[in-house]
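>>> Generate coordinates for the sequence data below:
(4 chains)
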Protein chains: 2
Amino acid sequence: MKKAAELFHTKGYTATTMRELAQVVGLEASSLYSHIKSKEELLIHLCFTNAKKFSDGIEEAEKQDSSVCEKIEFLLNQQIKIALEDGTSVTVFDDEWKHLSEPYLSSFLQIRKDYQRRFLKIITHGIEKKELIDISPSIIMNTLISSIRWVHLKPELLKQTGMQDLSKDISQIILTGIKK
Amino acid sequence: MKKAAELFHTKGYTATTMRELAQVVGLEASSLYSHIKSKEELLIHLCFTNAKKFSDGIEEAEKQDSSVCEKIEFLLNQQIKIALEDGTSVTVFDDEWKHLSEPYLSSFLQIRKDYQRRFLKIITHGIEKKELIDISPSIIMNTLISSIRWVHLKPELLKQTGMQDLSKDISQIILTGIKK
DNA sequence: AAAACATACGAACAAGTGTTCGTTTTTTTG
DNA sequence: CAAAAAAACGAACACTTGTTCGTATGTTTT
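Numbers count the residues shown, from 1 in each chain, chains lettered A, B, ... in the order given. The predicted structure is shown next:
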């Protein structure tokens, strides 16, 4: 699964061959099928495992008895942490889900939509409480989510800066920008 | 080229078939080759056309006799504009370039690297002049670039908000976050 | 109108795809 | 150690891929 994630990350799902994957794990292509049912099974697993991580994150944020800004900071930190611990999976989650076939595709999109709905709710709440500036919640959320979508591609920056500091710097930029 | 960009955008380069493309433009697959030399030619054109747009943008910013913040705001606006005018191309530029083969791949990465080098220079300059907060220029740049990487996926938000306002809102979030 | 050209087509090809099958090898269990 | 189960293999299959080729059909130039 790990090697599959790496290949999907670098070459993309469609461009990745079962024969390539086999070679990377030291097997013949046919042998893979003693362990998995299909190529898509790999993609399904990677997509939904990561989807769960994100959903769990937002659930935890919702439960917290804290200010909206603290919740958002928590979410940012959490997502940066996930991205740094398992960057290749995040790529798959971000970019390769579109190769899921039905019914997995619909299911995945549903989870994603739900995640964004809950995120939006937090932001909207923050605007109402005048914690956040009065900008379209949708714009804020998308900017927020996107702004960290490079972290998993720069592991060298992690070594340089350290996760704690990296996380703090990014949070500072974004939070300063949306705080009232 | 336009239909190709759309297909590459929704299905990905590798997953897009010449037969599909042919059907979309109302031809048989073989007929396409009266107009293009290969499938990759399409990808090459899309990648480098967009690369040029971005390079031109940063060149213009460099020339401007303005503060660093104004330059960055100009760049943000420009890139948002590009993303909204031709969203599918931006996807190809962002995500599908990796399917370029040599020597195009190296050439493309060189251009990209050069673009980031010049962007970094602007930011570093801004930090030196105390216009920007003292955070790793690399972190600032990546956050900046990424933060708008969703715009081209939400044309409905454009209709709702209008490009001018959308651009202003995003700029406000990001610039407030990095201004000293 | 003839010649030259661009465009479109169907058929085909060579290479590569995910996957299956029957068999052999290796590991685990009783 | 023998039996059962799991894992690995090579060969093959059915299908799809980008692309080529010879040919036909319009379209432009002379």
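
>>> and the strand or helix carrying residue A:127, what does it pack onto?
Applying DSSP states H and E as the criterion places residue A:127 in helix A:104-128. Helix A:104-128 sits against helix A:39-63, helix A:68-85, helix A:137-147, with contacts defined as 3 or more Cβ pairs under 8 Å, 6 or more residues apart in numbering or on different chains; DSSP states H and E. All C-beta atoms are positioned from the backbone trio N, CA, C, and that covers glycine.

>>> Apply 10 Å and report the result again.
Counting contacts by 3 or more Cβ pairs under 10 Å, 6 or more residues apart in numbering or on different chains; DSSP states H and E, helix A:104-128 is packed against helix A:39-63, helix A:68-85, helix A:137-147, helix A:163-178.

>>> now the angle between helix A:163-178 and it, please.
60 degrees (axes from the mean of the first three to the mean of the last three Cα atoms, to 10 degrees).

>>> buried stuff in helix A:104-128?
A:104, A:108, A:111-112, A:115, A:119, A:122-124, A:126-127 (16 or more other Cβ atoms under 10 Å in any protein chain shown).

>>> So the residue minimising distance to the centre of chain A, which state does it fall into?
Per Cα atoms, centre = their mean, the C-alpha nearest to the average position across chain A is that of residue A:90, at 4.9 Å. Here residue A:90 takes the helix state, with states given by DSSP: H, G, I helix; E, B strand; the rest coil.

>>> and the gap between it and residue A:157?
15 Å (Cβ to Cβ, to the nearest Å).

>>> any chance of the helices and strands packed on helix A:104-128 in JSON lines, plus distance to residue B:26?
Converted to JSON lines, these look like this (distance: least, Cβ to Cβ, whole Å):
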{"stretch": "helix A:39-63", "distance to residue B:26": "32"}
{"stretch": "helix A:68-85", "distance to residue B:26": "43"}
{"stretch": "helix A:137-147", "distance to residue B:26": "36"}
{"stretch": "helix A:163-178", "distance to residue B:26": "46"}
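
>>> Hmm, residue A:62 is touching residue A:121, no?
Yes: here residue A:62 lies in contact with residue A:121, judged by Cβ atoms under 10 Å, at a distance of 8.4 Å.

>>> Residues of chain A that sit close to DNA strand D?
Selection of chain A residues close to DNA strand D by Cβ under 7 Å from any atom of the strand yields A:22, A:27-31, A:34-35.

>>> For PyMOL, write the selection for the buried entries among those.
The PyMOL selection below is limited to those of the residues of chain A next to DNA strand D classed as buried (16+ other Cβ under 10 Å):
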select buried, chain A and resi 22
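
>>> In CSV, list the residues of chain A next to DNA strand D along with distance to DNA strand C and pLDDT.
Below are the residues of chain A next to DNA strand D laid out as CSV (distance: Cβ to the nearest atom of the strand, whole Å; pLDDT from 0 to 100):
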residue, distance to DNA strand C, pLDDT
A:22, 8, 97
A:27, 11, 96
A:28, 8, 96
A:29, 4, 97
A:30, 3, 97
A:31, 8, 97
A:34, 8, 96
A:35, 11, 96
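
>>> Can you tell me which of the residues of chain A next to DNA strand D is nearest residue A:95?
Proximity of the residues of chain A next to DNA strand D to residue A:95 (Cβ to Cβ) peaks at residue A:22, which lies at 23.2 Å.

>>> Looks like that closest one contacts residue A:31 (just checking).
Yes: the pair residue A:22 / residue A:31 is scored as a contact, 6.7 Å apart, by Cβ under 10 Å.

>>> which stretches of chain A aren't confidently modelled?
Applying pLDDT under 70 to chain A picks out residues A:177.

>>> ok so, going back, out of the helices and strands packed on helix A:104-128, deepest packed?
helix A:137-147 (a mean of 22; mean count of other Cβ atoms under 10 Å in any protein chain shown).

>>> right, is the helix or strand just after that one up against chain B?
From helix A:137-147 onward toward the C-terminus, using DSSP H and E, the following helix or strand is helix A:155-161. Yes: Helix A:155-161 is in contact with chain B by Cβ under 10 Å from any Cβ of the partner chain, via A:156-157, A:160-161.

>>> Mind listing what's buried along helix A:155-161?
A:157-158, A:161.

>>> For that helix, what is the distance to the chain centroid?
19 Å (Cα atoms, centre = their mean, to the nearest Å).
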